[in-house]
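Novice: have a look; sequence and predicted model below, questions after that.
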Amino acid sequence: MKKRIVDYLAGQPEKDIVVKGWVRTKRGNKNVAFIALNDGSTINNIQVVCDVANFSEQTLKQVTTGACLSVTGDLVPSQGSGQAVEVQAKEIEILGVADPETYPLQKKGHSMEFLREIAHLRPRTNTFGAVLRIRHAMAFAIHKFFNDKGFVYLHTPLVTASDCEGAGEMFQVTTLDLDNLPRNEAGQIDYSEDFFGRHTSLTVSGQLEGELGATALGNIYTFGPTFRAENSNTPRHLAEFWMIEPEMAFYDVNDLMDLEEEFIKYLVQYALDNCQDDLAFLNKMIDSELIDRLKSVVSTDFVRLTYTEGVDILMKSGQKFEFPVSWGVDLQSEHERYLVEKHFRKPVILTDYPKDIKAFYMKQNDDGKTVRGTDVLFPKIGEIIGGSERESSLEKLNRRIEELNMDTRNLWWYIDTRKYGTCPHSGFGLGFERLLLFVTGMSNIRDVIPFPRTPKTAEF
């Protein structure tokens, strides 16, 4: 396998190597040129030293920021500070030029808003190179965590006829001619003529199908894209995002909270152990408290308290919130962050939410008012995980579905699992991009996914 820049920077001096990458900067004088080359394998550039006399003026003229080069030379101990080794260039091949008049990533500061407009090029910046490498590391760590625990990776469908969350904010999937829609005798759109023979949408969650897997395989997890047609233009919302959703048979709500805490701590520790250079860069350039915050999460026990206790703390805090707090309201990010950042100063797992603000599938407590839901709240983020013990009683599940006037025609298969060998089981959903916001210190969720999908935005 070919060596990359990350390998050469960690290696020993070597004759006749070949490095390939994109020019970050070029500086020098009439005798020597210094080229900073990066191939995406590391936050660190490798310095290429060129004796100007050995190269044509035309070649060096094309070595501009953004150009792609192949350099043959010797890897030698560096004469300057900042790097242990550098490349003494013997040959330079220009693989791709970059017009310095139009290339938008010149050596200067760029706003995040501007970089979103050139999402096809922003991975070449230090910031987004670091974010995307950490994204990869976290995805790998997720699979490793569950694989090592014996979970089965279950692929759940992206096209579905059921609405897991019951909110109705779904993207419709159809092959019907929108200019000539077939209609039945009542004048309604006839979806029997559609590709799937029924009304279908992009999934908002793989949870319901995941529960089916858990009731057969024991412990499963899903990890894939989900979609919400929610008109939310905030730094915490995307229309297309990735979710990790484990479901575990024979887990009660306490087992669930144990797994949620272990999972988060594992991922954060994995980032600290395997992404040191990228985290150090982000700590320096984006968030000076990032590494300390990551370490504090790993080293502390999460607070566990009920929704009722949390509301009581908020109401007695004397804090002026934009959204007033009372028992029964759905907590906003400002409420969640107050509990985490100001009151406890550590992550919090809230439990036992009012059933009226939670989904139909959550197990009801004996008080008839609350359900065994769990939300994990993090500093700077608010809710990062939402989960619950699932309602295993057929009678209670049917009663809740009736209370909410839900259409059960597309949920018959889900209800069947409560008829045939029902069992206690639990699960949670972790928004991958919410996790990445925390691990990278970035402030906008659009900047931790390569190509963000938000209202009115589907570029690239």
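Specialist: In hand now; what should we look at?
Novice: what about the stretch 51-200 of the chain, any weak spots by pLDDT?
Specialist: Across the stretch 51-200 of the chain, the ranges flagged by pLDDT under 70 are 165-168.
Novice: in it, which spans are helices?
Specialist: With DSSP state H, counting those that start in this stretch as the criterion, the stretch 51-200 of the chain has helices at 57-61, 112-117, 126-148.
Novice: sort out which residues of the second one are buried, please.
Specialist: For helix 112-117, the neighbour count (16 or more other C-beta atoms under 10 Å) marks 115-116 as buried. All C-beta spots, glycine's among them, are computed from the backbone N, C-alpha and C.
Novice: ok, H155 touching G224?
Specialist: Yes: in this structure, H155 sits in contact with G224. The criterion is C-beta atoms under 8 Å, and the distance is 7.3 Å.
Novice: so these two - more neighbours on which side?
Specialist: G224 (16 against 11; other C-beta atoms under 10 Å).
Novice: the helices in the stretch 201-350 of the chain, which residues?
Specialist: 207-217, 253-274, 276-285, 290-299, 307-315, 333-337.
Novice: can you put these in TSV and add mean neighbour count, distance to W22 and mean pLDDT?
Specialist: What follows is the helices of the stretch 201-350 of the chain, written out as TSV (neighbours: other C-beta atoms under 10 Å; distance: least, C-beta to C-beta, whole Å; pLDDT from 0 to 100):
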stretch	mean neighbour count	distance to W22	mean pLDDT
helix 207-217	21	41	96
helix 253-274	18	24	98
helix 276-285	17	17	98
helix 290-299	16	26	96
helix 307-315	18	49	97
helix 333-337	19	38	94
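Novice: need these in CSV (columns: distance to N365).
Specialist: Below are the helices of the stretch 201-350 of the chain laid out as CSV (distance: least, C-beta to C-beta, whole Å):
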stretch, distance to N365
helix 207-217, 20
helix 253-274, 10
helix 276-285, 41
helix 290-299, 29
helix 307-315, 11
helix 333-337, 21
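Novice: nearest to E322, of those helices?
Specialist: Closest approach to E322 among the helices of the stretch 201-350 of the chain is made by helix 333-337 (6.1 Å; C-beta to C-beta).
Novice: in this structure, which strand is the longest?
Specialist: If you go by DSSP state E, the chain has its longest strand at strand 14-28.
Novice: looking at the protein, which residue lies furthest from center?
Specialist: Here the centre of the chain is the reference, and by C-alpha atoms, centre = their mean the most remote residue is A53, at 48.9 Å.
Novice: please name the residues that touch it.
Specialist: Contacts were defined as C-beta atoms under 8 Å, 6 or more residues apart in numbering; by that measure A53 touches N31.
Novice: now it: how far from P452?
Specialist: Distance, A53 to P452, using C-beta to C-beta, to the nearest Å: 48 Å.
Novice: kindly report the same for N180.
Specialist: Noted for N180: a distance of 34 Å to P452, by C-beta to C-beta.
Novice: who has more neighbours, these two?
Specialist: Comparing N180 with P452 by other C-beta under 10 Å, the one with more neighbours is P452, at 21 against 6.
Novice: please confirm that that one is located within a helix.
Specialist: No: according to DSSP: H, G, I helix; E, B strand; the rest coil, P452 belongs to no helix; its state is coil.
Novice: measure how buried the residue nearest to it when sequence neighbours are not counted is and give me the count.
Specialist: Distances taken as C-beta to C-beta, 6 or more residues apart in numbering place R446 nearest to P452, at 4.0 Å, with adjacent residues excluded. Neighbour count for R446, taken as other C-beta under 10 Å: 20.
Novice: wait, isn't R446 in contact with L238?
Specialist: Yes: applying C-beta under 8 Å, one finds R446 in contact with L238, separated by 7.1 Å.
Novice: shared neighbours of those two, which are they?
Specialist: Listed as contacting both R446 and L238 by C-beta under 8 Å, 6+ apart are 452, 454.
Novice: partners of the very next helix or strand once past the longest strand of the chain, with directions?
Specialist: Secondary structure here is assigned by DSSP states H and E; on that basis, the next helix or strand after strand 14-28 toward the C-terminus is strand 32-38. In its sheet, strand 32-38 lies beside strand 14-28 (antiparallel), strand 46-51 (antiparallel), with partners assigned from DSSP bridges.
Novice: which of the ones you listed is buried the deepest?
Specialist: Looking across the strands paired with strand 32-38 with neighbours counted as mean count of other C-beta atoms under 10 Å, the highest average goes to strand 46-51: a mean of 20.
Novice: any residues touching that one, and which ones?
Specialist: Contacts of strand 46-51 (C-beta under 8 Å, 6+ apart): 5, 8-9, 19, 21, 28, 31-38, 60, 69, 71, 73, 78, 80, 82-83, 85-89, 92.
Novice: for the stretch 51-200 of the chain, which segments count as strands?
Specialist: Defined through DSSP state E, counting those that start in this stretch, the strands belonging to the stretch 51-200 of the chain, from first to last, are 68-77, 85-96, 152-153, 159-160, 172-173, 200-202.
Novice: I'd like those as CSV, with mean neighbour count and distance to S111 appended.
Specialist: Output for the strands of the stretch 51-200 of the chain, formatted as CSV (neighbours: other C-beta atoms under 10 Å; distance: least, C-beta to C-beta, whole Å):
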stretch, mean neighbour count, distance to S111
strand 68-77, 17, 26
strand 85-96, 17, 26
strand 152-153, 14, 39
strand 159-160, 16, 37
strand 172-173, 15, 35
strand 200-202, 20, 31
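Novice: which of the ones you listed sits closest to I189?
Specialist: Where the strands of the stretch 51-200 of the chain are weighed against each other on C-beta to C-beta, the nearest is strand 172-173, at 10.2 Å.
Novice: now could you export just the CA positions of stretch 444-453 as CSV?
Specialist: Backbone C-alpha positions of stretch 444-453 (Å, rounded to 0.1, in the frame of the first residue of the first chain) are rendered in CSV as follows:
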residue,chain,number,x,y,z
ASN,A,444,-23.4,24.6,13.8
ILE,A,445,-24.6,21.2,12.8
ARG,A,446,-24.3,22.1,9.2
ASP,A,447,-20.5,22.0,9.7
VAL,A,448,-20.2,18.4,10.9
ILE,A,449,-21.8,16.7,7.9
PRO,A,450,-20.1,16.8,4.4
PHE,A,451,-23.1,18.1,2.5
PRO,A,452,-25.9,19.5,4.7
ARG,A,453,-29.6,19.3,3.8
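Novice: what sits up against that stretch?
Specialist: With C-beta under 8 Å, 6+ apart as the test, stretch 444-453 has contacts from 112, 115-116, 119, 123, 128, 131-132, 135, 235-242, 433-434, 436-437, 440, 442, 454, 459-460.
Novice: now it: average pLDDT?
Specialist: Looking at stretch 444-453 alone, the average pLDDT works out to 97.
Novice: picking up where we left off before, now the buried members of the contacts of stretch 444-453.
Specialist: Under a neighbour-count criterion of 16+ other C-beta under 10 Å, the subset of the contacts of stretch 444-453 counted as buried comprises 115-116, 119, 128, 131-132, 135, 236-242, 433-434, 436-437, 440, 442, 454.
Novice: of all the strands paired with strand 32-38, which lies closest to G218?
Specialist: Distances from G218 to each of these were compared using C-beta to C-beta; the minimum, 46.3 Å, belongs to strand 14-28.
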